[in-house]
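K.L.:
sequence plus predicted model, see below.
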Number of protein chains: 2
Amino acid sequence: MGITDRRAREKEQRRNDIIDAAERIFFIKGFEEATIDEVAELAELSKGTIYLYFKSKNDLALAINTRGQKKLMLLFRSMLPGCHSGFEKLEGIVRSYIDFFNVYPDYAKLALKFGPFHLDKADQTSMEYAHELENYYTLLFSVFDEGIKDGSINPQVDKKSVISFIWGSILGIMKLQQLGDHEILNRWLDIKAVNNFEYISKMMEQLIKR
Amino acid sequence: MGITDRRAREKEQRRNDIIDAAERIFFIKGFEEATIDEVAELAELSKGTIYLYFKSKNDLALAINTRGQKKLMLLFRSMLPGCHSGFEKLEGIVRSYIDFFNVYPDYAKLALKFGPFHLDKADQTSMEYAHELENYYTLLFSVFDEGIKDGSINPQVDKKSVISFIWGSILGIMKLQQLGDHEILNRWLDIKAVNNFEYISKMMEQLIKR
DNA sequence: ATAGTAAATGACTTATAGTCAGTAAATTAT
DNA sequence: ATAATTTACTGACTATAAGTCATTTACTAT
C-alpha cells in the first residue's frame, strides 16, 4: 500500500516539523515562558493540530529530549572506535557527554527540568524516549563489561552502584553549569573549571580502574 | 516604641505562618500543582495578603528553601565540634548534607527545581536566601582552610575548583534520588547505593586528602 | 469620638494549557 | 465524474490559576 506508507511518512514529517518549531521556541524562551501558540505559529499549524500530535506541552519537551539523546548516541558511536580498552571507552563516553551538553546547553537545561516522568506505553513520544534510554544504558554497561574482560576495569567493583555514582556526578556537573550565572555561586565556586575532565578522570581511575 | 516593635514582630509572625502553610501545601502537592489559593486557605488569609508578603509563587518557594538552608546550617553546627580535623569536618558536612536531604527529600526537590534566580536587593526573601548562602560557603571554605592549616588537606589543590566539583557531585546525587522511582532508571541503576557515603568518601580522599 | 495609618480582602484581569464541534482535504467506492 | 467516507486540521471556547487593586476593616494617636 503506497498511499498508506506515504501518509505515515507525511505524518512523521509533520511530527518532526512540530518538534523543530518547539525546539526553537523552547530553547529561545525557555520551557516555562514558551507557549504552545508560539510553537503552532512557527510550525504554521493551529494549536489543535499540535495537540493531535503531542498530548501535552511536557510531551513535546520529552520529544526534544529524545532528539538530544539520539544526537548524543551518534557522538558516542563515532568516538568509540578510536578507543582501545573498555576503560578508555567509558572515559570517552563521559567526556563526550560533558562536551555535548557544553555545546548544547539548551538540551541539558531541558533534560534536567524533568523529574521522573510516567512511562506511557500508549504514547509514541514516551516509548521513543524509553527506547533511547535503553540504548544508552545498554551501551554503557556493555562497555563496562568489555573493560572487565580486557582487564582495564576492576572486576571487584559493584557495577550498578559505581556507574550510578559516576553518572550522578555528571548530572550534578550539568546542573552546576546552569547555575553558572548566579552572582553568589559564581563568586564562591569555579564553575567552568568543573568542566575540564581532570577531576572526573581522577575519580573514575580511583573507583573503577584495574 | 513598643507598638512599632510588636507590629514588626506580628508581621514577621504572619510571614512565618504563610511560609508554614506554603511548605505544607508545596510538599504535599508539589510546587507546580500547588496553588496560592490553597496556601491562603490553609493560612486562613486571603490571596491578596499572601501577595502582600511575597511577590510571587517563586518567592514563596525561595523562602522555603531558605528555611531548608537554615536547618542544614544548624545540623552542621551541631556536628562540627565532634570532628578533629579540617578534613573530617568537611566529610562531616558532606555527610550531613546528604543525610539531611534524605530525611527531607521535599526540601531537596524544591531546591533543585530552581535554576539561577535573580538576586533582588529590595526583596527580603531574596536577601535572606543570599545571606544563608553566604553563611554556607563561608563555613565550607573556612573548614577547608582549617584542613590545610592542620595538615589534613592537601594545600596544593585548587580550592575553588575542587570544592565546586565535590559540591557538583553531591548535587547530582540529590538529583538522582529524585529520579529514583523511574521505572527504567531503576532497572539499570542502583540509586539507593549512591547514598551510602563510600564513594563520595573515596573521591574526597583522592582529590583533597593530604 | 475622629482622623489618619496600616493591614487585609476578594472580585477582577490576564495569560495560557488543553478541548472539541465543526470544516476542509484526501481517499475510496459507485 | 460524483458521492460517500475517512483522515487531517482548525480556532473559538473552557478551565484554571497567577497576580492586581479599589475598597473595607482594624488599629493607633490626638
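P.N.:
Received, thanks. None of these values were measured; they are calculated from a predicted model.

K.L.:
which element is the residue minimising distance to the centre of chain A on?
P.N.:
The centroid of chain A falls nearest to A:Gln69 when counting by Cα atoms, centre = their mean (4.0 Å). If you go by DSSP states H and E, A:Gln69 is part of helix A:57-79.

K.L.:
what helices or strands is that helix leaning on?
P.N.:
With contacts taken as 3 or more Cβ pairs under 8 Å, 6 or more residues apart in numbering or on different chains; DSSP states H and E, helix A:57-79 sits against helix A:2-29, helix A:36-42, helix A:86-103, helix A:105-113, helix A:124-149. Using the backbone N, CA and C atoms, a C-beta is placed for each residue, glycine as well.

K.L.:
how is chain A divided into domains?
P.N.:
A:1-53, A:56-208 (automatic domain parsing).

K.L.:
winner for burial among these?
P.N.:
domain A:56-208 (a mean of 18; mean count of other Cβ atoms under 10 Å in any protein chain shown).

K.L.:
straight-line length of it, end to end?
P.N.:
42 Å (Cα to Cα, to the nearest Å).

K.L.:
and it, what's its mean pLDDT?
P.N.:
Here domain A:56-208 scores 94 as its mean pLDDT.

K.L.:
let me know the helix or strand that the residue of chain A at minimum distance from chain B is in.
P.N.:
Closest residue of chain A to chain B, Cβ to the nearest Cβ: A:Gly172 (2.5 Å). Assigned by DSSP H and E, A:Gly172 belongs to helix A:159-178.

K.L.:
and DNA strand D, is stretch A:2-11 touching that?
P.N.:
Yes - counting by Cβ under 7 Å from any atom of the strand, DNA strand D has neighbours in stretch A:2-11: A:Arg7, A:Lys11.

K.L.:
pLDDT on that stretch, on average?
P.N.:
Rounded mean pLDDT across stretch A:2-11 is 87.

K.L.:
export it to PDB, keeping only CA atoms.
P.N.:
Taking C-alpha atoms only, stretch A:2-11 is exported to PDB below (Å, rounded to 0.1, in the frame of the first residue of the first chain):
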ATOM      1  CA  GLY A   2       2.000   3.000  -1.300                       C
ATOM      2  CA  ILE A   3      -0.500   5.500  -0.100                       C
ATOM      3  CA  THR A   4      -0.600   4.200   3.500                       C
ATOM      4  CA  ASP A   5       3.200   4.400   3.500                       C
ATOM      5  CA  ARG A   6       3.300   7.900   2.200                       C
ATOM      6  CA  ARG A   7       0.700   9.000   4.700                       C
ATOM      7  CA  ALA A   8       2.800   7.500   7.500                       C
ATOM      8  CA  ARG A   9       5.800   9.300   6.200                       C
ATOM      9  CA  GLU A  10       4.000  12.600   6.000                       C
ATOM     10  CA  LYS A  11       2.700  12.200   9.500                       C
END
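
K.L.:
distance check, A:Lys109 against A:Phe31.
P.N.:
8 Å (Cβ to Cβ, to the nearest Å).

K.L.:
overlap of the contact sets of the two?
P.N.:
Counting by Cβ atoms under 8 Å, 6 or more residues apart in numbering or on different chains, no residue touches both A:Lys109 and A:Phe31.

K.L.:
list the contacts of stretch A:71-81.
P.N.:
A:89, A:92-93, A:96-97, A:99-100, A:104, A:107, A:132, A:135-136, A:139, A:143.

K.L.:
okay, and the residue of chain A found nearest DNA strand D sits in which element?
P.N.:
Per Cβ to the nearest atom of the strand, A:Gly48 is where chain A lies closest to DNA strand D, at 1.9 Å. Assigned by DSSP H and E, A:Gly48 belongs to helix A:47-53.

K.L.:
what's that helix packed up against?
P.N.:
Taking 3+ Cβ pairs under 8 Å, 6+ apart as the contact cut, helix A:47-53 packs with helix A:2-29, helix A:36-42.

K.L.:
just so I know, which of those lies nearest B:Gly2?
P.N.:
Of all those, it is helix A:2-29 that lies closest to B:Gly2, at 51.4 Å by Cβ to Cβ.

K.L.:
tell me if that closest one is near chain B.
P.N.:
No - using Cβ under 8 Å from any Cβ of the partner chain, helix A:2-29 never reaches chain B; the gap is at least 14.1 Å.

K.L.:
next SSE after the helix holding A:Gly172?
P.N.:
Helix A:159-178 is succeeded, C-terminally, by helix A:183-188 (DSSP H and E).

K.L.:
what is the subsequent helix or strand relative to that next one?
P.N.:
helix A:191-195.

K.L.:
that following helix and chain B, any residue contact?
P.N.:
Yes - using Cβ under 8 Å from any Cβ, helix A:191-195 comes into contact with chain B via A:Ile191, A:Ala193, A:Val194.

K.L.:
alpha carbons only: can I get that helix in CSV?
P.N.:
Taking Å, rounded to 0.1, in the frame of the first residue of the first chain, the C-alpha atoms of helix A:191-195 are listed here in CSV:
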residue,chain,number,x,y,z
ILE,A,191,32.0,26.5,37.8
LYS,A,192,33.9,26.5,34.5
ALA,A,193,36.8,24.5,36.0
VAL,A,194,34.5,21.6,36.9
ASN,A,195,34.1,21.1,33.2
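
K.L.:
and chain A, which residues reach DNA strand D?
P.N.:
So chain A meets DNA strand D at A:Arg7, A:Lys11, A:Arg14, A:Leu45, A:Ser46, A:Lys47, A:Gly48, A:Thr49, A:Tyr51, A:Leu52 (Cβ under 7 Å from any atom of the strand).

K.L.:
what secondary structure does the fourth one sit in?
P.N.:
Under DSSP: H, G, I helix; E, B strand; the rest coil, the three-state class of A:Leu45 is coil.

K.L.:
not counting sequence-adjacent ones, nearest residue to it?
P.N.:
Nearest residue to A:Leu45 in three dimensions, chain neighbours excluded: A:Ile18, at 7.1 Å (Cβ to Cβ, 6 or more residues apart in numbering or on different chains).

K.L.:
next one: the helix holding A:Gly172 to chain centre, how far?
P.N.:
13 Å (Cα atoms, centre = their mean, to the nearest Å).
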